[in-house]
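J.: based on what follows, work out the 3D shape:
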Amino acid sequence: MSQQTLDYQSPQAERAPSALRQAISRWWKRFTVAIFALGVFGFWAVFCRHPSERFPATANDVTDLTSVPPPAGATHIHVASCGEAGIAPGFQSLVRFEAPTPVCLQYAATVLHGAQLGTPPKFNPNVDADFFSNPSWFDLNQATNVVGGQTQSGRPLNVWVDKDRGVFYSCESD
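T.: Alright, predicted model coming up:
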């Protein structure tokens with residue numbers, strides 16, 4: 001019986017991949033998966049909505065949206081915000097709480113930086129269920145005796161106070 005010798009120089013011979021080649025292949029697969037995951041995250045961050053709703057909300061939640069902490073007597077505090085990026089970026093934040101009417105009026109004047117409250121702004125916030133899970137708490141349409149105001153600088157902030165029910169509403173949007 002004749003012995004065969006392996007010719008490692010011939011094109012038909014198969015070698016086991018080296019440890020270096022195996023390591024490169026393994027890391028290349030991991031790198032590809034990581035790049036794909038970053039791409040998906042980047043798409044979500046740039047083109048998707050980012051809603052946030054809080055009930056009951058804390059004083060810090062209200063301060064984050066209005067830059068002014070809510071009054072001590074505020075109850076049933078709701079806050080919501082939604083940012084949207086991409087081709088048509090937008091932002092909307094909503095605040096609602098109940099307090100005695102004089103407290104609501106004082107808070108509204110503080111948030112509006114001393115602007116006078118009067119006839120409510122001709123602005124109907126589009127509180128869309130596509131953005132928020134349950135927008136029924138922003139019940140400005142049920143308000144009967146309303147005063148309001150609007151800031152003129154920066155991002156528009158609209159404020160309303162229902163004097164009959166003692167409810168403060170604000171909407172800031174692009």
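J.: domain-wise, how is the protein divided?
T.: By the record's domain assignment, the chain is partitioned as 12-47, 49-173 (automatic domain parsing).
J.: would you tell me which one of those is buried the most?
T.: domain 49-173 (a mean of 16; mean count of other C-beta atoms under 10 Å). To be clear about C-beta, it is placed using only N, CA and C from the backbone, and glycine gets the same treatment.
J.: any chance of the domains of the chain in TSV, plus mean pLDDT?
T.: Output for those, formatted as TSV (pLDDT from 0 to 100):
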stretch	mean pLDDT
domain 12-47	76
domain 49-173	78
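J.: report the beta-bridge partners for V95.
T.: On the basis of DSSP bridges, V95 is bridged to V79, S170.
J.: so it versus A80, what's the distance?
T.: Noted for V95: a distance of 8 Å to A80, by C-beta to C-beta, to the nearest Å.
J.: cool, and D61?
T.: Noted for D61: a distance of 10 Å to A80, by C-beta to C-beta.
J.: next one: F97
T.: If you measure F97 against A80 using C-beta to C-beta, the figure is 13 Å.
J.: what's the answer for G148, then?
T.: From G148 to A80 the distance is 19 Å (C-beta to C-beta).
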